[in-house]
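Enquirer: Predicted model follows, preceded by the sequence.
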Amino acid sequence: METKKTNWYKDAVIYQIYPRSFKDSNDDGFGDIPGIISKLDYLKELGVNCVWLSPVYPSPQEDNGYDISDYYNIYDKFGTLDDFKLMLNEMHKRGIRLIMDLVVNHTSSEHTYFKDLLKDPEHSKYRDYYIVRKGKKNGKKPPNNWSGFFGEKAWERLPNSDLYYLHLFAKGQPDLNWENPKVREEVKNILRYWFDMGVDGFRCDVITLISKKQDFKNRFPGIALVGKDAYINGPRLHEFLHELNKEVISKYDVMTVGETVLSSIEDAKLLVAPSREELTMIFNFDNTDTDNYLGVKYLERKFDLRRLKKVYRRWQAALHNNGWNSLFIENHDQRRSTGRFGTDESDTYRELSAKCLASAYFLMQGTPFIYEGQEIGMTNYHFTSPDQIEDVEFHNIYNVTRKNKFIKFIIGNHLFENSRDNARTPMQWDNSKYAGFSNVSPWLAVNPNKDKINAEDSLAREDSLFHYYQKLISFRVGNEIIKNGRFNDVLPHHKYLFIYEMTYENKKVVVMTNFSKKTIKHKLISKYNDSNLVLSNYSEHDESSLKPYEARIYEYN
Ligand code: ISL
């Protein structure tokens, strides 16, 4: 029997928790599930109604849990399965749903299946669970020239053998072979297991990599992602996703959000068209790629609001009535948005500009996501030495830059500022020594700006970013104009002003933002009347201009 789908995700505002950095309850310097439980009232107060929890499964933590060694349990540093069930229950009691992370492009090399393969690569019954091929030149060279996401070759030799396994991420993350029906059955079992427990959905990690072209031939050489045309959006991707949906996902009132890498709008339409029954929505990175070249975050370029507006225009139009968007500006792989996207970290403009950005991305059609700490305006750490950074991606790429002068030259000093650990420093709860995250020195250093940027201060100040998000969320949830509305960018070519309307039937929501430190005059501004004002980050307004980083939101019913 098919479960009725309520489409609850259309009224969801989702808060992403990166568990090792959120709250430590047992003084080991590492966040955990009881820590999350102790902060659920904080999330309730913010007003979010769903949490996306990054991986909490057993893992050797080579990639902070995105390398899973057991899909049916909880990593002991995070707690127990009972802690998890309690957390789920406490969330549901508060009207907060939970989506987990599904990392099934690869497992950890510590997974029992891969360990079995390691023992006897020729005969292991799990050989076909992974992508294993003979090396060239009697095993001296990898099967082809592919390279992966963390700056390395994509193949690693199995010990005492001429065989290699494919890993598009770290060496400890062998790719699964989705051509094998047993792998797909196992994924369905994982989904059923958590859905039956009451989990409300999944964020599906690098889901567009699961199908690979089977010729495994050399591809055009380059400095990054060699072979991407063979392993991104592969030939059986849609078939595999449809199979999961038909057999499992459609039977529950749940949502999925697929992380897609380098996907076009045409790919997206296929992935999220409801009639095709694949995914509910996707994360594409066109928005966060507006300050880099070629979708590579280390190839940074100056942010230009016009590029961001173009991305929103294209995606809003493409998926209106055809699917559903996700709306986000941060996650655990991205540097902080404060100090990015035209915003400013200085004392004068940090919160003002963060409110401006929040207003701009939050009220379009789609499901908004908030990454932990974003709601209080946490910033990059500004690392200066590799010793300060844990992240495997950073270290792999750092090593490449030490060997390759050309790559070092083109990345320049953007490696530190784009390191994923900028988003992973402990959540700043208060101004105590370890920011109220822990009573002991945490796994990653606390940002010294916790003295001024912390949740305690944000909760106490009525005009804080936290309270601004609170108002944005309460305005957004259940608003039919935003949920069903058509997006119209009324000033597409302006360098600093982003003004858009959402229209539905005869009703309208208008968002006006100024992404600059200058006061900007424009004749359009006086068109909107303050009697319809819902929210603003300034208490006084000029009739025909917007002050630095000013945001105004109007509603016409
Ligand atoms: O950070 C990136 C681009 O901004 C990426 O290249 C990122 O690694 C890629 O988007 C995949 O990310 C996901 O899968 C990885 C994991 O390390 C990331 O944390 C996860 O979000 C492998 O599981």
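Expert: Sure thing, it's come through. Numbers count the residues shown, from 1 in each chain.

Enquirer: How about the residues of this structure by the ligand?
Expert: Residues of the chain lying near the ligand by Cβ under 6 Å from any ligand atom: 63, 66, 103, 149, 169, 205-206, 259, 261, 297, 332-333. C-beta here means a position set from N, CA and C on the backbone, and glycine is covered the same way.

Enquirer: Got phi/psi on Ala354?
Expert: The phi and psi values for Ala354, taken as degrees, to the nearest 10, are phi -70, psi -40.

Enquirer: What number of residues are in the vicinity of it?
Expert: Residues near Ala354, counting by other Cβ atoms under 10 Å, number 30.

Enquirer: ok, now the one 5 residues further on?
Expert: Look at Ser359: counted by other Cβ under 10 Å, it has 23 neighbours.

Enquirer: any idea how far it lies from Lys521?
Expert: Distance, Ser359 to Lys521, using Cβ to Cβ, to the nearest Å: 20 Å.

Enquirer: contacting residues for Gly95?
Expert: Neighbouring residues of Gly95 by Cβ atoms under 8 Å, 6 or more residues apart in numbering: 44, 49.

Enquirer: Validate this expectation: it resides in a strand.
Expert: No: read with DSSP: H, G, I helix; E, B strand; the rest coil, Gly95 is coil and lies in no strand.

Enquirer: In three-state terms, how would the residue nearest the centre of the chain be classified?
Expert: Centroid check for the chain by Cα atoms, centre = their mean gives Asn331 as the closest residue, at 4.1 Å. What three-state DSSP gives for Asn331 is coil.

Enquirer: Likewise for Ile282?
Expert: Quick answer, by three-state DSSP: Ile282 is strand.

Enquirer: wait, isn't it in contact with Thr256?
Expert: No: shown here, Ile282 and Thr256 do not form a contact pair, counting by Cβ atoms under 8 Å, at 9.1 Å.

Enquirer: which one is Gly323 nearest to, not counting chain neighbours?
Expert: Spatially, and ignoring its direct neighbours in sequence, Gly323 is nearest to Val272 (3.5 Å; Cβ to Cβ, 6 or more residues apart in numbering).

Enquirer: ok, that neighbour - contacts?
Expert: Contacts of Val272 by Cβ under 8 Å, 6+ apart are 278-282, 319, 322-324.

Enquirer: same check, this time on Gly198
Expert: Counting by Cβ under 8 Å, 6+ apart, Gly198 touches 88-89, 92.

Enquirer: Name the member of those with the most neighbours.
Expert: For the contacts of Gly198, neighbours tallied by other Cβ under 10 Å; top is Leu88, 22 neighbours.

Enquirer: Centroid-wise, who is the farthest residue in the chain?
Expert: Distance from the C-alpha centroid of the chain peaks at Asn138, with 41.2 Å (Cα atoms, centre = their mean).

Enquirer: and that residue, what does it touch?
Expert: Asp162.

Enquirer: Relative to Tyr381, how far out is it?
Expert: Distance of Asn138 to Tyr381, given as Cβ to Cβ: 47 Å.

Enquirer: Also Ser544?
Expert: Look at Ser544 and Tyr381: by Cβ to Cβ, they are 41 Å apart.

Enquirer: So between those two, which is more surrounded?
Expert: The neighbour count for Ser544 versus Tyr381, taken as other Cβ under 10 Å, is higher for Tyr381 (24 against 13).

Enquirer: circling back: now render the contacts of Gly198 as CSV, adding pLDDT and secondary structure.
Expert: Converted to CSV, the contacts of Gly198 look like this (pLDDT from 0 to 100; DSSP: H, G, I helix; E, B strand; the rest coil):
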residue, pLDDT, secondary structure
Leu88, 99, helix
Asn89, 98, helix
His92, 98, helix
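
Enquirer: Make a markdown table out of those residues and add distance to Ser536.
Expert: Formatted as a markdown table, these follow (distance: Cβ to Cβ, whole Å):
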| residue | distance to Ser536 |
| --- | --- |
| Leu88 | 38 |
| Asn89 | 39 |
| His92 | 35 |
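
Enquirer: The ligand: which of those is nearest?
Expert: Nearest to the ligand among the contacts of Gly198, counting by Cβ to the nearest ligand atom, is Leu88 at 22.2 Å.

Enquirer: Wait, the closest one touches Ile99, no?
Expert: No: distance between Leu88 and Ile99: 11.1 Å, which falls outside the contact criterion (Cβ under 8 Å).

Enquirer: just for the chain, where's the confidence low?
Expert: Residue ranges of the chain with pLDDT under 70: 1-2.

Enquirer: Tell me which stretches of the stretch 451-557 of the chain form helices.
Expert: Remark: helices assigned in the stretch 451-557 of the chain by DSSP state H, counting those that start in this stretch are 455-460, 465-476, 480-484.

Enquirer: I'd like to know which of those helices lies nearest to Ser250.
Expert: Closest to Ser250 of the helices of the stretch 451-557 of the chain, according to Cβ to Cβ: helix 480-484, at 22.5 Å.

Enquirer: can you pull the buried residues of the closest one?
Expert: Neighbour counts over helix 480-484 (16 or more other Cβ atoms under 10 Å) mark 481-484 as buried.
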